[in-house]
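Engineer: Dropping a prediction and its sequence here:
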Amino acid sequence: MNEYQKAATPEDATPRAVLNTIVNLVKDFPSYDKVSVGFPGYVRNGIVYTAPNLGNEKWYKIPFCNMLADALKKPVRLLNDADIQSLAVAQGKGLELVVTLGTGFGTAVLYDGKLLPHLELAHHPVTKNKTYDMYIGEKALEDAGEEKWNRRVQKTIQHLKTLFNYDHLYIGGGNAKKINFSLDDNITIINNREGIKGGVRLWQNE
């Protein structure tokens with residue numbers, strides 16, 4: 001078991017630069033057999049199709065799972081980061097929704113514990129000229145301030161209630177701690193480190 005560690009995202013976050021950062025991060029880790037990766041974008045079958053906060057033009061159709069496996073000489077599974085976190089926290093009861101409030105807006109949906117196909121809800125328009133990423137992402141928090149941002153988050157939760165009629169909503173991400181309003185009984189704030197458990201379950205759920 002190793003302590004939680006992190007490294008800064010490269011300023012020019014090309015696939016090769018991010019790959020090198022990961023390789024350097026894990027070089028002193030204790031021995032391991034398998035690797036789970038949560039990626040901030042749309043991933044299908046280990047291939048990255050979008051990476052809005054890293055640069056979509058650099059990441060379209062990048063076989064990042066295979067690149068990591070080749071570099072680390074270990075089997076790798078790669079999913080969207082919200083999907084990974086959802087595997088850690090979902091209770092397996094009904095329709096569960098996980099959202100992350102960070103640089104952008106991540107989402108994952110599960111039904112009876114089964115992860116459903118990923119939806120990039122972050123890029124869906126929420127106003128005439130804003131997507132959810134632009135409406136409640138990190139930059140929106142900085143520009144609008146916490147009070148206005150909290151009102152936007154409240155409105156977003158109402159949208160999610162109507163859209164999904166979820167049994168339980170989990171809210172994670174670095175900005176979840178800035179929520180200053182009361183939440184319904186079926187809404188839970190979760191810790192980012194839960195994603196580590198999701199990485200383990202990714203291999204348990206064959």
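Structural biologist: It's in.
Engineer: quick one: buried residues of the longest helix along the chain?
Structural biologist: Counting by DSSP state H, the longest helix found in the chain is helix 146-164. Within helix 146-164, the residues that count as buried by 16 or more other C-beta atoms under 10 Å are W149, N150, R152, V153, T156, I157, L160. For the C-beta atoms, the positions are set from N, CA and C on the backbone; glycine is no exception.
Engineer: ditto for stretch 173-183
Structural biologist: Buried, per 16+ other C-beta under 10 Å, within stretch 173-183: G173, N175, A176, I179.
Engineer: What lies in contact with it?
Structural biologist: If you take C-beta atoms under 8 Å, 6 or more residues apart in numbering as the criterion, stretch 173-183 is touched by 99-102, 106, 138, 141, 146, 149-150, 153-154, 171, 189-190, 192.
Engineer: repeat that with 6 Å
Structural biologist: T100, L101, G102, E146, N150, Q154, I189 (C-beta atoms under 6 Å, 6 or more residues apart in numbering).
Engineer: show me where pLDDT drops low in this protein?
Structural biologist: 1-2, 205-206 (pLDDT under 70).
Engineer: got the domain boundaries for it?
Structural biologist: 15-80, 83-204 (automatic domain parsing).
Engineer: Would you mind saying which of those lies nearest T9?
Structural biologist: domain 15-80 (7.2 Å; C-beta to C-beta).
Engineer: And that closest one, end to end?
Structural biologist: The first residue of domain 15-80 is 15 Å away from its last residue (C-alpha to C-alpha, to the nearest Å).
Engineer: same thing with stretch 86-93?
Structural biologist: Criterion C-alpha to C-alpha; first-to-last residue distance in stretch 86-93 is 13 Å.
Engineer: Check stretch 174-188 too.
Structural biologist: Where stretch 174-188 begins and where it ends lie 14 Å apart, using C-alpha to C-alpha.
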